[in-house]
Structures are given as structure tokens and as C-alpha cells.
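In: A predicted structure for the sequence below; I have some questions about it.
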Amino acid sequence: MNDHSFTGGQGVAAMACSAELRVAPGTGLRAERALKKYDAIVIGAGHNGLTNAAYLAKSGLRVAVLERNPYIGGATVSRELFPGWTYSNCSYVCSLLRPEIARDLELPRHGLQVVPYGGGVTFKRDGDYYGNYYDHNRQYREMARHSKRDANAYERYATDVMKQTRLIRPYLLRRPPDPTSLKWRDLRDLAGFARSFTEMGEEGLADTLKFWTKSVGDYLDEYFETDVIKAHLGGTGVIGTALGVYSPGTAYVLLHHYMGDVDGNVGSWGFARGGMGAVAGALAKSFQAFGGEIICDADVYQIMVRHGRVRGVALADGTEYHADIVVSNLDPKRTFLDVMDPADLPEDVVRKARNFKIRGSSGKLNIALDGLPTFNGLDQGSPLMLGDMHFTDSLQRLERAYDDWKEGTWSKDPYVDMLIPTQTDPTMAPPGKHMMTVFVQYAPPRINGKDWTDADKAGFEKSVIDQIAAHSPDFRSLILHCETRTPREIEAEVGLTEGNIFQGELTFDQLLFNRPFPGYAQYRGPVRGMYMCGSGTHPGGGVMAAPGANAAREILADLRRPDVVPGAYADD
Amino acid sequence: MTDTYDVILVGAGHNGLVCAGYLAKAGRKVLVLEANDSPGGAAATREFAPGYFVSACAQWLYQLHPRVSRELELERHGLQWAAKNIPSVLLDEGGRHLTQLGGHIAGDQLASEDIAAYRAFHDRTGKYVKLLAKLFEARPPKLVESNFADRLVLARLGLGLKLLGRDDMSDLMRNILNNMYDLMEENFDSPQLKALLSLDSVLGSHMGPRTPNTVFSYLYRRVGEAFGYTGVAQVKGGMGALGEALAGAARARGVKLRLGTRVSAIELFNGRAGGVTLASGEQLRAAVVVSGADPVTTLEKLVGYRNMETGMARRVSQIRCRGSVAKLHLALDGLPRFTMLEDEQFGQRLVIAPDMNYIERAFNPVKYGEYSAAPALDISIPTVHDPATAPAGKHVLSVIVQFAPYAPAGGWDEHRERFTRLVIDCIGRYAPGIQDQVVASQLLTPADLEREYGMTGGHWHHGELSMDQVMMMRPFPGATQYASGIDGLYLCSAGAHPGGGLMGLAGRNAAREIIKRGAAA
Amino acid sequence: MTSKSNPAMMLCTPFHSRVAAACELNAWGTWKGYTTPRAYTDVELEYFAIRSTTGVFDLSPMNKYRVTGTDAEAYLNRMVTRDVSKIRLGRVGYTVWCNDAGQVMDDGTIFHLGENDYRVCAFARAIDWMHWSALGFDVEIVDESDEVAALAVQGPTSCAALLAMGLDGLEQLKPFGLMTFPFEGTTLTVSRTGFTGDLGYELWVSPDKAELLWDRLFAAGKPHIIKPFGSDALEMARIEAGFLQAGVDFVPAESAVRNGRSRSPFELGLAWLVDMDKPVFNGRKALLREQAEGSRYRFALLDVDGNKPAQHSFILREGKKVGTVTSAAWCPTAKTNVAFAQLEMPHGKVGEELVAEIYYQRELQWTRVLAPCRVIDAPVFNPARRRATPPGDF
């Protein structure tokens, strides 16, 4: 099979965009399609686009999703790039996907199963490691092995992070309040927002503001004394982010990775069985069950605007699709600087889109393995290997990895988030064989101001492989195939500008009412009928599906149709 | 005990003296105790080599609040200006320097687009600066336990934000937590312009231009504009003259000032501050104690962690005050020969920081307790405007060196000479031959600044001016509105709102708060 | 110490070989990651061993922290609410400690072992807080939880059993007193303390002597009818005796995620442990404020009509919910149905008549009972032998 013939996870997602719904350009159907008019068109079959489309279709609209690639999913894909192995070659783990949406769109019935994984380990240079356990007592004991004080401090840390998590979770399935607006609905939202803050008391509120503006490194330094523990916890504060662990604002990024859950276990992570394509596959089926259409190989060239309102889209090949509602699942830069004509936009939107921060900061290696590798100091088949593995044992090494990014090069001593999902999911490699996914922080969008070359890519790959091999004697010999993705590949294949996995930095200047930019944070674009539903909108990146759902709610409100989008479960 | 006082104020730093002056003006009997032999704290003039005097710590004045100087009549008490409205000059190795004063910039390498863009940028951010200034002139409002005064401040802030208009308000809300590097990239082309402005944003802090939060510190730096300053100013006789003027003003209002008197402890009586013990063993009592020392010194060293509750001790111990700036003083036997610098520019603020990446690279090593071979420099030659501070025909060159670690591996003694040479050589690239003009030098590392001026960590601002340590989070949650967390003890230093810089507002605001509380203080 | 190779395995206490042999029911629970028996033979019989003969409980997993140094007393005095200077050498004191907000973090006991030498026994882990509290004090804090094995020996014949083991002079030990005895080249520390409200002692020994201690104790105690008991029997005894448990009757303050879920010592009925004359201690400022402004809640001991334990019950007053039950049990010795309740102020004054909304199930059928109950002024079990010295022969 070649790259393009595979369209989803094995069995699970394979139907998502199979021949029955693919409309190749140049077929006899083309003319007929060109005449077709939809109620709404969603550009991009990423998970948010599909979610958005599913809710629009659920409310009774005729909806088409246009996807540039011959396969759906965007960054939520499973692909067989080496015979017999399925790679979740972009997003690779699942926690943030809102359970309200998964249930409401009946994703389990459409083939989605999220299986939690345990474990997690950070290897130290001295041959020891820090292991992570879900069970509290085991976790305590492993931490106490390094520092009893840290093990005890972790209890307070977990409490304090949970306080922040509880604060943000109710806002995931809501549009962000607009502090500049004087509309009743916005003022009410804002008052509610303020109330949840004041309930914390003066000191609690101050602690919250500190948390939101602090660096993850400073935050962890306030709790822990052990380097490896801080490094293990701190990595999530920079994943996908072009900031260092000592950059203010990264404590929030850490929170962003804690605020999901698997079956109510807040902070838990899991694998989508069959790879992340299973998420897109299930969303697609749900959408189709509501009568929606997915059209692949449909490269949108421009959103057509006439007399200040949206008319539809035109493809690169000239095909036109008409609709009064066009929703972009593309990132804000691509949306406003690529598929829209600046002449159709207010000046400030073009400027804000240009200034939108969407930094490529990470890369990915997807590796087919002939067997399960062994790691120095760890028992073969240790349960710690079920989870995320890292080799960066201090915050200082993490910060130095960021210094390389600032200098316009990939980290020579990178931070990796490495998993072997085939220990949990039997569908992704032949029995006894394994698939490894290695997320790599940092990799800049360009090398010293120039585009990535193949030599750069090889150098990047080598720095990662060398780091893993330093801790795993048999790793190199087990490699059957390795797909290396720098920001160049991520941008080219997925269409994420600069290869930024969150469709824009998760810094405070781009969160809530600032996401993607002030004045346009409630999913409505500057042109009537035009909307945004990607991770570039609130509440941001990760396979959450909340932006898509929230955008659908706003669209339906504008159309004065009943709200079919679920609200958040009441946490207590 | 011979005299009795209403208030004992620890530390005659500029905020301490301002606070004392206002308290005395309101009729309080105030005793100020200062460990050093001269008043002013970091507003100091020192003879660092025979006949050579220098503003030993702070070298430029650009934020002193006009109400403070007017209400305390500082000019009547001897404050004189050597020069005002001093522009900044970003030095270029090839001599194509860039000059900036307020909203004006000039330079050979500047495109006209940048000049216009800068003007617009300066005007727009100037509005934010005014808003910030208003916030600085009052005590920080409480948000939950707010009383009427707090709500008034908040309402004014809200109104001020709304009055900016929708565009500017959202621009401010986006950028207040942004980093200077990105903001500069968004606005300008000239690497010189970007570097000059971004250096302003990191002076005195443990941040590089790419550190989020630096837009806030840039606006902070510019807050003096709202107080009527353009560019920087130089005090005649060095910054110590400001200390003397403040001391004079305080004395004239009845404040008793005891110099050379080190306080070793703030004494608590049944959990309430009620006096101090001096290093000499002498004990003094007062109903209220105010500290002009930084919060960590005040609470860790003078009160003692054992005399406060654990959570508060933990908060104090977690105040971030990693001083990362050194000061280098050079005694020169003549005016250095800066390449292509016009004569009248020698007395201006000279900056060495060719581009933003240069500053960022200068910052990187300090995160790991190291220092860069190419630091960013903020230079003054005060003897140009004030020749009396050096022997005739001789000059003093004073440099803020950004960045220097607090504790390099092996200790500063191992690095002192190497670091001094490195800085001189760095200047030498812009002023060839300066190495041979140096008669004497003095390096003040963060550790030296801590020892000399009692600033914990050698941090200028008594604690990093980052968003998690400003407003009601300054110095730490639970101690706001100049209360210290200990009843009867107040904080009036840069460690309290609004923060560092020779502004005098922390002292003024604290005095007003204590006066307002009256007998309940 | 935990070994690197098996952090995943459950831990065993130093008495485990003996405990396991005696645990006929094979009913295991976990306490701080240690395998501990919920019951050995029969919960009721174990309970009556405590109340009628001698019961033995393995309390080795208890957190034990050693505090030494010239500031040890001052340090503890600042950390806890009681005046530690009143815990004389060779004595033990029960206390609570609070955070700055005056909310209880835990309760526990302080052993004054020697000059500048104390041990703190705590239910919740506290090493981090104790280290933070050590800022500014010349003290050394060591977590010696794993270095000290401990048994609680409780019941009317416990003194006789221990005397039979050769602990001469133990009968002179007063409540909350400490004695030491040579034991196989090490020191056996005995305190007259416990969590059952009965005559009883706690034995503290080096882990390598633990099995030997167990064997000697059970051999000597046999004529005095000595039996091990598990956590279920302990639960009955402690409720009968009116003892609070962290995590059950209150949320340790720094583990509380939600606002307002923690409690002050006043709200837990522990005002007698708070010494406001101390100029500084954790929580003092907040507790002074609470004294002035009033508490939010009141702890109440309830005597509930009927014999259905009021576990998880709402407490009603005139049909309106005014509180909830945190612990409840039928007390076999006192023949009383007791509940601990957290009531909203101003409820909970002694003598107040309330109603417990009890749900219980018999053969899958849930029944709701509205049981009248009243606030009582003291625990229902408090025998004279608990305080008598010598305790007498039972």
C-alpha cells in the first residue's frame, strides 16, 4: 500500500473516507457537484471540522466537509506507512476529547474506543529512572525513592493543580467571554467568570493569577527538590510550545495537558484503539449518519465573498461549492492569509492574522519495531513502559533544549515524549511487533532562517535516535522503518502552519478572548457567514473537539436554530 | 529608651525616606534607622577610586514621581539636575548609531517606515503607560475582599480600559503578557530599534526579550513618561544627592534619621510588631514599624521565619529575586573615543546591544549561573554633565551589565577580573583604546549589590517584576496594600506595589495607607 | 526503604509474618500502601478483645517524624496548636496542627523522648509541611516511619499482659506517659496511649526486633487472653471513644480541592487543644478572627435512636438539612448508636434534638429511617481504668 491508499486506522477508520465518499477531481461527478449547493461547508476534515459538521448536520443542515488530502483526519490520523504497521503519525494520545461530545455523537457506536494507559518513566543519565504509577501509593513510593519530601509535596501539588483544573474545565464547552463587549450575554458570561474567581477568596485568587502567569519551571521549583521529578512533570508545560520551561505562561500549558480525562479520571491519558484516526473515523461516521458529505481531494483555493457575505468556496481546480455558511477548520493564518482574499477582510484581521503566533516547535518520529526494546535499568516488559517515556532528567536540560530552538536549530539534546502504544493496542502492529511514537521538542519551523533540508532532517532524526539508543542497547537493531516529521512535513501534509500542533501557541495572549485574536474569539469571522472552528479558537489545541462544537453552537444561534450542542458535565 | 516614636522605619532607601517624609507631614513622630553611613539606599554616590565619584547603584533618574518631589520639596532640599531629557544612543560598531528620545528616533540605518511605525507605536503604548501610571499611584486593589476604595480603583481601571476603545483595549489585553521580541518583530524592521526598546524591557530583570511578560516590563520602564519625563535625567552630584535631598526633606518635617545604625531584628509582642533591636543591642519601641528593606530581608532576616506562620514563611521564601545585573565603574584618564559619536552625545545614555538575539544570547547563560562573553550594556559618562565628580579632565564611565549571575561556579572571586576585562573589551569594540584609559575599576556583582545595599539576591526591584509578582500578588498573596502579613509591620519598599525604580510611589502609597488606617494601623 | 526493583509491590510491615499467620479470614486492606488486615478472625470478637481482655493492633505504617535540635520545642510550638512546653520530658501530647488559614491539616501525638528530641506521629504524611515549618529553626526533621515498628496493645488486661512480658514498673506509667525498657540489645519504648479509649499502651521498637516482640507479647499475654485486631474493630472502638480520623471526619486542609471543605479545630470540637496565649503558631491569626467572627460549623456527638448506624446520613432540623454525618457506629459496650456530625452553625449545642436521615439495606431493600437524635456532651465510652494509675487488675 502506498501513502495515499490508506485512509484510516485498521478496520476502525478505514471507511471514513473510502472510495464511496471520495470524489476524485475530474470524475463525471464533478460537474454535478459544482452545481450543488449546501447549507454549510466546512473546510478541512480534522477532528474539529468533523465535529462542527456533525453538529450542523445533526441540526438538520445540509453540510459538506471539504478535505484537501485523499484521507480525512487532519492531524488525527492513522496511517499505514510501512506494511502491517499503523502510525498515529501526528497526534498520538487521547485525553482531552470531551466526553460530552463523544457520548452525544455516539462515537463509541461509530467505532471509537479510548483505552487508558498506565506507566511513564523518565530515564536518568546515571542509569536510574523515575517511574510514574497511577496508583497513589505506588506513585508515592517511587517518588519517595528519590525524595520523601517530594513524594509528600506531590500530594499538595496534585491538589493545587486540581484546583486550577476544576476552574477551567467548565469553560471548555463554552464560548469565551468577551470583556470588550457590552452585550447582555457577554456581560452575563463575564460575571459568571468573575464569580468563579471570587469564590476562591483573595489569596486563592492571587494563587490562581500567579499560576496562570508563571513558568512551569518556577511553579515546580516551589514544590519539588528533585531534578528528575521536576523534569518528568515539567515536560508537558512545553509540549507543542515554542517556550522554555522557565518562560512565564508555561504553567498554563501544563494545565492544558491535565484538564482532560479518561472516563472521569481527570488528568488520565489513553490510546484510541486503532490509532488516532479512529477519532476522525468515528466522527466522520457520526457526521455521515446525520446525512453529511465528506469530499476528499478537495483543495480549497478561496472562500468566496460577495457583498460582504460568504457565498461558498472555490477549489484549486476551479470547482465551486456554494453555501451561506463557510466554516474554516484551518489555522487562523491559513484561514485569513491563504484561503481568503485580503480585499474581503478588514485591515485589522489581516494584521492580527500575520501577528498570530503559530510557531513550529516540535517534530515527530514514527518507528516500526521488530520487537519490544529493552531499556537500561528497567525490567523487560516493565509496566512503566506502557506510558510516556522521557530521557530529559532536569529542567535545565529542558531549558537548554529550548535555547537551541531560539537559535534556529533543532535541540541537540531534545526532550522526547515517547510511547509504544502496541503494548496496549493490539491493532497497530503484527503480533509481537511494535510501533513507537516519538514526539520531539524542539524543532524550529526553519533552520537558521532557511527551509529544512533533507540533511537537516537527517540530523534531527539522528539526535533523537542517538538519545534513545543511549538508553536502549537493542533499539537501533529493532528499527524496521522510521518516518521522521519535521515542522516542514507537518505543515506540508497536515497544513498546520509552521507545523504548530495546537494551531497557535497556547500562551495567554492567545487564550480565551484572545484566541485566535481579540475581537474574533467567538468563532465568528469578520465576514458574514464565515466561521472558525479549529484549534486556533478557544479552548485551543489537542484532540478536544470542543472548538468545533462551540463553533457549531454559535452558528446555530446565528441561524436561530435550536442548540443541539451539549454543555459540559457538571463537575464537583 | 529616651525618645518615643509613633513609627520606626527600617532603612533609609529612597522609598523609606519618602514614606517617612509623608508620615511626618501627617504628624507622626518617625525614627528612620539606616545601616549605611549615607541616606538613599540604592540612590547612592560613592567614591570608588580616589577622586572619582559615581552613582553606585541606580544611575539614571526617569520615574521619580513629580508629586513626591513637589510635596517633599526636594529641589528646596538640594536636588539639582545635571541634565534632563537625555536621549538614548544605540551604538553601532561602524558608527551608524541610532538615537531615541521619547517618540523620536533618528539614525542612518533607519527606514522611514520604521520612524513612522515607531511614532505610532510610541503613541499607542503611551496610552497604556498612562493607565498603568494611574494604577501605580494608588494602593493595589483587593479583588475579593475589596472595599469601596478598591472598587473605585477597579472601576477607574475598567473605565480607563473601555476609554481606550475596543481596538486598543484588546491590543493591551493581548500584549500585556506578550514578549518584547515578538512585539518588536510585529512592528519594526530595524534591528537597532528593536534591540534598544527590548533592552529597556529587561533591564534589572531576569528575563530576555523573548520572555513573556517583557512587554509589561517595557511599559513599566516607560511609566516615567506619564510623570513628565522624556528620556532619562542625571542628578547633580550623583544619585546620592537624591538620597540627601530626601533625607533633608524628611528631617525638615521632623523625622529623626539615625545613620550607621543597623537594625538586627524587628521585635514582635504577642504576634504584633512593636519595635526593633539594633545591632548594638539597643531596643526601640513604636506602635508601628515600617520596613524600607526588601520583603525577604524584612521578613526572613529581621522578623525571622520562626515568628510567622509556616505558609507565610513558605511564600516569602518563594519570592523570586534572582539579581542578574552587575554594575561596572571605570575611572578613566580621559574621555573615551567612541567611534563616530558626536560630542554632545557623550553625555547621553549609550547602549550596546546590536540586536535582540544578542540580548537573548546574553541572557541564556545567566539561567545556568554562567555569563555571556557578549553582554548587553547600558553606559553613562556622568562626568560629561557633572565634571565635579572626577578629578579635572578625568572621567567616570558607569555601566549596567546585563546579565551577570548571582553565584557563578567557583564564586565571583574567580571570575571578577575576567568579567571586568570582558566588559571593558566589549566597550572597546565601540570605543577603541578604552582599555588603556582605565585608571581604576570597580565591579559590583549581584552578590556585591546584595551586600552593599541589602537587596536580597542583588535584585534591583526587590523581587522580579513579573506578572505573578505584581499588584495584589506583590510581594506575595496575603501581604498586599503595604501590609506585611505581620500586624503592625508595613512594607514601603520596591518589594511592594508598584515595584522598583526610583519612583517613590511605594513609599508614598504606603504612608498614605498607614495614615488612612490611623489607630488601626 | 523501598527498593528500586519493586515499587509496584504492596509493602509489608515488620510484623507481617506474624500478622499473616494470624489473619485467618485473609481479609486484607491497605494502609499507606502496606498490606494490613481488616479483620483476623471475627470483627465482633476482636472488638471485644479490646474492651474485655487485650487486643493488639499493628500500627507500623503510622507516619513517624523525629524532630531534634536546639529549637525542637520552639519549632513544634510554632507548628501545632498546643503549648508544647507543657509536654514534659517522658510525656506524650495529643494535638492538631493547622495551616495559616486555621484549618486542620492533621491530628497526632508528640512524644517528648529526650532533651530537644521529639517524635511526631501523624495520620497524614507531613514531611513536606514539617520541612517548610523548619525555615528559621535549628532543627533536624527525619521521616522515621520505616525505622520504627509499632504495636498498640489495648484493653483491660493489657497492663497485666505487658507486666507478664517483663516490663516491670509499667503499672506506674500514667496516661500519656512514656517508659523505655531494654529489649534484646535495643530499646523498647512504651507509651500509655491509644486510639481505642480504653486502658492501653503503644510499643515502639526497631523493625528487626518486631517479630520477637510479637512472639514474646503473645506468649506472655496468653493467660490474659490476648488477640490481634484489625482495622474494622479499631473503627468501632475509636468511634465509641469519640476519636476523629483525618480523611474521614475532616479533610486535611492542604488536600482540600474545593473551597470551604476544610475545618478549623473549633469546628471539630478541639478548641481545648488550641492555646491562644502562644504569640505565634500556625493558624493563630485566622483562629483569632474565627473566635471574633464565629465558626461556620460545629462538631457534634449524636446519640441516635434505634440501632441503625447513621453512616453517610443527612442531619435534619425541622425537615431542613443542617449537617452530615462523618462517622457512625453502633457501640456494643456502651449500647449506644453514636454518630459524629458536622452541623452548620448555630446547630449542635448539647441537648439539641435533631433527626438523622438514615438509609440502610436489608436483602437488597433500601429503607429510609428518620431517626431522632440528640447532641451529647461526651463520648459514650470513657472508663475509669483508662485513667487510673496503677490501672488495677481487670
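Out: In hand now; what should we look at?
In: so residue 178, which of the three states?
Out: This is for chain A. coil (DSSP: H, G, I helix; E, B strand; the rest coil).
In: Hmm, no, I was thinking of chain C.
Out: C:L178 ends up strand, using three-state DSSP.
In: Then B:Q63?
Out: From three-state DSSP, the assignment for B:Q63 is coil.
In: May I have the phi/psi pair for it?
Out: phi -130, psi 0 (degrees, to the nearest 10).
In: Based on its surroundings, how many neighbours for the residue of chain C found nearest chain B?
Out: Proximity of chain C to chain B (C-beta to the nearest C-beta) peaks at C:G136, 2.9 Å away. C-betas here are computed from N, CA, C, even on glycine. When neighbours are defined as other C-beta atoms under 10 Å in any protein chain shown, C:G136 has 22 of them.
In: Repeat that for the one 5 residues further on.
Out: Using other C-beta under 10 Å, C:I141 has 21 neighbouring residues.
In: Beta-bridge partners for it, please?
Out: C:V67 (DSSP bridges).
In: And it, what's its pLDDT?
Out: In the predicted model, C:I141 carries a pLDDT score of 98.
In: residues in contact with it?
Out: With contact set as C-beta atoms under 8 Å, 6 or more residues apart in numbering or on different chains, C:I141 has these partners: C:65-67, C:127, C:130-131, C:134.
In: which of the residues you listed has the most neighbours?
Out: Ranking these using other C-beta under 10 Å puts C:V67 first, with 26 neighbours.
In: separation between that one and C:D146?
Out: 17 Å (C-beta to C-beta, to the nearest Å).
In: now do C:Y75
Out: Taking C-beta to C-beta, one finds C:Y75 at 23 Å from C:D146.
In: From the contact counts, what lies against the helix or strand A:G281 falls within?
Out: Using DSSP states H and E, A:G281 falls within helix A:277-289. The contact analysis (3 or more C-beta pairs under 8 Å, 6 or more residues apart in numbering or on different chains; DSSP states H and E) places helix A:277-289 against helix A:47-58, strand A:293-295.
In: which parts of the next helix or strand after the shortest one are buried?
Out: Once the chain leaves strand A:293-295, the next helix or strand it forms, by DSSP H and E, is strand A:300-306. Within strand A:300-306, the residues that qualify as buried by neighbour count (16 or more other C-beta atoms under 10 Å in any protein chain shown) are A:300, A:302-305.
In: okay, these in CSV with pLDDT next?
Out: Below are these laid out as CSV (pLDDT from 0 to 100):
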residue, pLDDT
A:V300, 97
A:Q302, 96
A:I303, 97
A:M304, 96
A:V305, 97
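In: and the residues you listed near chain C, which?
Out: On the criterion C-beta under 8 Å from any C-beta of the partner chain, none of the entries of those sits beside chain C.
In: before we move on, what SS does the residue of the stretch 151-300 of chain B found nearest chain A have?
Out: Closest residue of the stretch 151-300 of chain B to chain A, C-beta to the nearest C-beta: B:S170 (2.9 Å). When classified by three-state DSSP, B:S170 comes out as helix.
In: just to confirm, which helix or strand has the residue of chain C closest to chain B in it?
Out: If you go by DSSP H and E, C:G136 is not part of any helix or strand.
In: of the helices and strands packed on helix A:277-289, which approaches chain B most closely?
Out: Among the helices and strands packed on helix A:277-289, the nearest to chain B by C-beta to the nearest C-beta is helix A:47-58 (22.6 Å).
In: buried stuff in that closest one?
Out: A:47-58.
In: Which elements pack onto that helix?
Out: Looks like helix A:47-58 contacts strand A:40-43, strand A:63-66, helix A:277-289, strand A:325-328, helix A:546-558 (3+ C-beta pairs under 8 Å, 6+ apart).
In: pLDDT on that helix, on average?
Out: pLDDT averaged over helix A:47-58 gives 98.
In: Equivalent analysis for stretch B:335-348, please.
Out: 95.
In: Start and end of that stretch, how far apart?
Out: 13 Å (C-alpha to C-alpha, to the nearest Å).
In: How about stretch B:273-290?
Out: Stretch B:273-290 end-to-end distance (C-alpha to C-alpha) = 9 Å.
In: Kindly report the same for stretch C:175-185.
Out: Start-to-end span of stretch C:175-185 (C-alpha to C-alpha) is 27 Å.
In: So for that stretch, what gets flagged as buried?
Out: So for stretch C:175-185, counting by 16+ other C-beta under 10 Å, buried means C:175-179, C:181, C:183.
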